[in-house]
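okay, predicted coordinates and the sequence, questions at the end:
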Amino acid sequence: MASELFPGENVLSYDVTSPLDTDYYAVFADVAGEDRAQWARAREVGEALAPRMAEAWDKAEYPLEVIPALGEADLYVDGIEHPDLTRMSPLAAGLVNMEISRADGSLGTVLAVQGGLALRTLVLFGSPEQQERWLGPIARGEAPGAFALTEPDHGSDSTSLETSARWDGDGWVLRGTKKWIGNGASGGVTFVWARVDREGDPDHGQVRCFLVEQETPGYTGRVITGKLSLRGIHQAHITLDDVRLPADAVLPGSHSFRDTSTVLFATRSGVAWSALGHATACYEAALAYSTQRIQFGKPLAKFQMVQERLTVMLSQLTAMQLYCRRLAELEAAGALRPTQASLAKFHNTRTARDIARTARDLLGGNGILLENRVMQHLADIEAIHTYEGTESVQALIIGRDITGVGAFV
């Protein structure tokens, strides 16, 4: 029988994925009411979808059914204020982001793209008519939403984007390329940022946002293959080959790259929370494994070196929790500055990498098995460490703030 134990194999598998609710400083012990309920709902959904996402990650597939699954749980609202959206506090939004990322990194990115980027862009800059048409479908996950800013030649220097929006007769013509666009080839709508080419227009030369339905002629979204991170969600390389749009396709509230930055600033906090979710999963896997794995006649947890590693990981995790809780407090008070969000992102993604590496090492060979998820988290952290602003860019943003001197090229 497959379950029969033979000499040399006393344990068939280890339980290292169950949540342990690590909170050594009781950072989240006072979370109650609707905040607690939304957090609990995120855990329920994340745990239910995690096995499917692990399978998808292994096969580099994007199970599109998870998009409405998160929408049914009303998890895309991400603290976005709108009369037709459920209210979610900054703390609840962060905890939801953390919990979904703890369950699966690709799922966390689905949440960030659909809610944090696409839905937020529509609410901040869309017309009443655009919101009436698309707010519900995006919030419910019925229509995949994408946010297209990054280009093949312009990542960190996205202010130099070259995709153009030319006025032609009674409408717009978009031409250019975009890359690394989550949901960009998933059959929904894409919010495309392009530079206006219309002499005499006050926005000539400025960057504005355009709502593009993905079946529009000239729009081609090609799934990027060969990824070794976030394999359970597809990112697209988009070609805009003279995509013709009506005059009202532009989001009237968008007028410059500063508007783009408003969206990215809001989601940068989400990345810090997402990193916390990944790190929590890795630390808890290492802790659980250390109590179950027997070597040299005793559990790993009884070795001094293992206890020291766990202690370092816990200290790092607790610092990440404190960063995130303070972020939520500042945001709730309307006092959060962009550079503070940058510092949290800078610290938490770097620290999550350290925790994941230590956890992988502590699990030994079992650390590379997908069933234990640590290696999956380690790979996925590499993506969130880069997106929403690389480590180098965050350092320059923070450095300019603390020194008063810009060091950008």
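Sure thing, it's come through.

which parts of the chain are strands?
Remark: strands assigned in the chain by DSSP state E are 145-148, 164-168, 171-182, 189-197, 207-213, 219-223, 235-246, 294-295, 298-299.

out of the ones you listed, which is closest to M320?
Proximity to M320 (CB to CB) singles out strand 171-182 among the strands of the chain, at 23.8 Å. Every residue, glycine included, has its C-beta placed from N, CA and C.

parallel or antiparallel, list what pairs with that closest one.
Strand pairing for strand 171-182, determined by DSSP bridges: strand 164-168 (antiparallel), strand 235-246 (antiparallel).

quick one: buried residues of the first one?
By neighbour count on 16 or more other CB atoms under 10 Å, the buried set for strand 164-168 is S164, A165, W167.

what's the answer for the longest one, then?
When neighbours are counted by 16+ other CB under 10 Å, the buried residues of strand 235-246 are found to be Q235, A236, H237, I238, L240, V243, L245.

so how far is I138 from the first one?
This points to Q235. The gap separating Q235 from I138 is 18 Å, by CB to CB, to the nearest Å.

next one: the last one
From L245 over to I138 the distance is 18 Å, taken as CB to CB.

same question, the second one
Using CB to CB, A236 is found at 17 Å from I138.

related to what we said a few turns ago, reformat the strands of the chain as CSV; add distance to W57 and mean pLDDT.
Formatted as CSV, these follow (distance: least, CB to CB, whole Å; pLDDT from 0 to 100):
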stretch, distance to W57, mean pLDDT
strand 145-148, 20, 97
strand 164-168, 36, 96
strand 171-182, 15, 97
strand 189-197, 24, 97
strand 207-213, 29, 97
strand 219-223, 15, 97
strand 235-246, 14, 97
strand 294-295, 29, 94
strand 298-299, 30, 96
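
among the ones you listed, which is nearest A333?
strand 145-148 (27.1 Å).

which neighbouring elements make contact with that closest one?
The contact analysis (3 or more CB pairs under 8 Å, 6 or more residues apart in numbering; DSSP states H and E) places strand 145-148 against strand 171-182, strand 189-197.

and the least confident helix or strand in the chain by mean pLDDT, how far out from the chain middle?
For the chain, the helix or strand with the lowest mean confidence is helix 391-403, at a mean of 91 (criterion: mean pLDDT, DSSP states H and E). Centroid separation for helix 391-403 versus its chain: 21 Å, with CA atoms, centre = their mean, to the nearest Å.

how about that helix: buried residues?
By 16+ other CB under 10 Å, the buried positions in helix 391-403 come out as V393, Q394, L396, I397, I398.

for stretch 292-304, same thing?
Buried positions in stretch 292-304, judged by neighbour count with 16+ other CB under 10 Å: R293, L300.

stretch 327-346 now?
Counting neighbours by 16+ other CB under 10 Å, one finds that the buried residues in stretch 327-346 are 327-328, 330-331, 336, 338-346.

give me the distance from it to the chain's centre.
Put simply, stretch 327-346 sits 17 Å off its chain's centre (CA atoms, centre = their mean).

next: stretch 275-284.
Here the centre of stretch 275-284 is set off from its chain's centre by 14 Å, with CA atoms, centre = their mean.

kindly report the same for stretch 252-267.
The chain centroid and the centroid of stretch 252-267 are separated by 17 Å under CA atoms, centre = their mean.
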